[in-house]
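Novice: My questions concern the predicted model and sequence given below.
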Amino acid sequence: MRQDQDDPDQRRSARVYAGAGRAASGPVGGRSPVLYDAVLLDRDGTLIEDVPYNGDPEKVRPVPGARAALDRLRAAGLRLAVVTNQSGLARGFFSAEQMRAVHARVEELLGRFDAWLICPHDDADGCACRKPAPGLVYAAARELGTSASRCVMVGDIGRDVAAALAAGAAGVLVPTPVTRPEEVAAAGWVANDLPSAVDEILRRQQAVHAAHRPSGDRVGTALVVRSDSAGDMLVTGPAIRAVAAGAQRVVLLCGPRGRAAADLLPGVDEIIEHPLPWIDPNPAPVDPAALRTLTTRLAAVGADEAVVFTSFHQSALPLALLLRMAGIARIAAISDDYPGSLLDIRHRVPVGVPEPERALSLAAAAGHGLPAGDEPVLRLRPDALPPCPADLTDREYVVLHPGSAASSRACPPELAARITAALSAAGHRVLVTGGPDEREVTARVAAAGGTDLGGRTDLAGLAAIVAGASAVVVGNTGPAHLAAAAGVPVVSLFAPTVPFGQWGPYRVPTVRLGDAEAPCRDTRAVSCPIPGHPCLSGVDPAEVVDALRVLAASGGGGR
């Protein structure tokens, strides 16, 4: 049921927030985060109708709704740049003067842009600026006085989105008849048209602005909850920091699978570890005595409020009931189900929003925003990481992490071995990492030309090794988010069992590889449901080597 169709009696029992349309206000003691400073737009097929190699201003036709959409972005304070490949210059189909005349006509019809970034080369030139290379995105960010991670790129083909991802920017695909189906499948964010893309950009921007709190006072003790795996815990980090900015003390309730990651998060003063049988993938039977013990422990926290973070397929309501029984007076959570009196703030988030932003929007609905100077990115506590072993830091290296707790998202060992061999042949030093239960796999993979670190580190030690890497080659699993937290570029071997737009590496230069149209798409399967692991087994190791060349433009080396 849509929010505008909710029964009024249901609304009385739990305030409903959907992000869009809410008046913005700064959080206690700081300002709300800004997701984007600038919007970068492809020219042909995105802003204007695609006329191949056009050098005639009279042939410029804006796409429907373009002027009004761009004016909305300008009114919101976002800077605008056009980022366009124009190989017609290299091929001699039009002159630079003709191109400038076309751009003057575009501005006459659509308004002034803050910058124009043009690649005049052809594919054969091997330049660093032609999309899907990230050069134009980096150049546009510099021209606009911001960073690539604070930009969103809108385009109509896969090259546009790939260039954005490789620079660490957000990418929005607005398909046209020339957009290939595989490009649509691979894009993490798809909009029907330019006005729809602008609607969602502004909605996401607004959703992380903190709502007015009932009182302007700083919260005494806030209880935050994320009971899930290490990766889930890491992507919730920005939201936990937002709550910490408005609270004197933050207590985190987590499960055993996420405890090691919880220890790495800034903003947490105390951790309570307890499994939740409605969250854990292999739960033990419900133990009434254990839940009574948990309720008593939560009551002892003396929290003034609780913010319950969950994934889109999980329910916050069982815990909300325990929190009510523990005497917590103000509870916020995302819930599509009717919560009765269990929630004071019932928040909703559209499907497809990146998990860090999904959590940040819940914190904002509860009145918490990141303080000034804290970007909405993943972070780790520097003091929680051990020194990286000296024998690993004597020269540059790439981390390859083939495993995953969910086998459907792991890199097939035979492919990982071939990637190791290809990277080694290309001159890369490869460190193969994995947990204690993955030693057999890491030994097999490392034998192809890497160094085996399987089982040699805990999560903090792995984070330290990842932070020192020039890049990480990894599937959709915790170390991908460790890399994002360290600002280290990622070659993402992403199995499409869950949406890339929600779970891909966040705000870090990324190249996505793998078949986004594989039959396992959106199944949320833990074990591969298709013989042969086709979503990843078709990756050519040469693609990984090429991806590292693309990502080298980001500089690597952490944030």
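Specialist: Received it, and whenever you're ready, just let me know what you need.
Novice: Can you give me the neighbour number for the closest residue to Pro402 other than its chain neighbours?
Specialist: Distances taken as Cβ to Cβ, 6 or more residues apart in numbering put Ala416 closest to Pro402, at 3.8 Å, once the chain neighbours are dropped. The C-beta positions use only the backbone N, C-alpha and C, and glycine is treated the same way. Burial of Ala416 is recorded as 30 neighbouring residues (other Cβ atoms under 10 Å).
Novice: Return the list of helices and strands in contact with whichever helix or strand Ala416 is part of.
Specialist: Per DSSP states H and E, Ala416 falls inside helix 413-425. On a contact count with 3 or more Cβ pairs under 8 Å, 6 or more residues apart in numbering; DSSP states H and E, helix 413-425 meets strand 398-401, strand 430-432, helix 439-446, helix 541-551.
Novice: Let me know which of these is the nearest to Ile118.
Specialist: Ile118 sits nearest to helix 541-551 of all the helices and strands packed on helix 413-425, at 19.8 Å, using Cβ to Cβ.
Novice: The residue nearest to Pro402: what's it in contact with?
Specialist: Residues near Ala416 by Cβ atoms under 8 Å, 6 or more residues apart in numbering: Leu400, Pro402, Val432, Val441, Val445.
Novice: Next: Ala170.
Specialist: By Cβ under 8 Å, 6+ apart, the contact list for Ala170 reads Leu35, Tyr36, Cys151, Val152, Met153, Ala164, Trp189.
Novice: next one: Arg381
Specialist: Contact partners of Arg381, counting by Cβ under 8 Å, 6+ apart, are Leu264, Leu265, Pro266.
Novice: Scan these and report the most crowded one.
Specialist: Neighbour max across the contacts of Arg381 (other Cβ under 10 Å) = Leu265, 28 neighbours.
Novice: excluding its backbone neighbours, what's nearest that residue?
Specialist: Using Cβ to Cβ, 6+ apart, the closest residue to Leu265 is Gly237 (5.0 Å).
Novice: Pull up the gap between the one you found and Gly258, please.
Specialist: For Gly237, the distance to Gly258 (Cβ to Cβ, to the nearest Å) stands at 11 Å.
Novice: Which of those two has more residues huddled nearby?
Specialist: A direct count of neighbours by other Cβ under 10 Å for Gly237 and Gly258 places Gly237 higher, at 28 against 25.
Novice: Do I have it right that the more buried one meets Ala485?
Specialist: Yes: distance between Gly237 and Ala485: 7.1 Å, which falls inside the contact criterion (Cβ atoms under 8 Å).
Novice: Need the overlap of contacts for these two.
Specialist: Leu378, Arg379, Leu380.
Novice: The contacts of Arg381 into TSV, with extra columns for secondary structure and pLDDT?
Specialist: Shown next, in TSV, are these (DSSP: H, G, I helix; E, B strand; the rest coil; pLDDT from 0 to 100):
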residue	secondary structure	pLDDT
Leu264	coil	98
Leu265	coil	98
Pro266	coil	97
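Novice: Return the member of those residues nearest to Thr393.
Specialist: Among those, and counting by Cβ to Cβ, the member closest to Thr393 is Leu264, at 19.9 Å.
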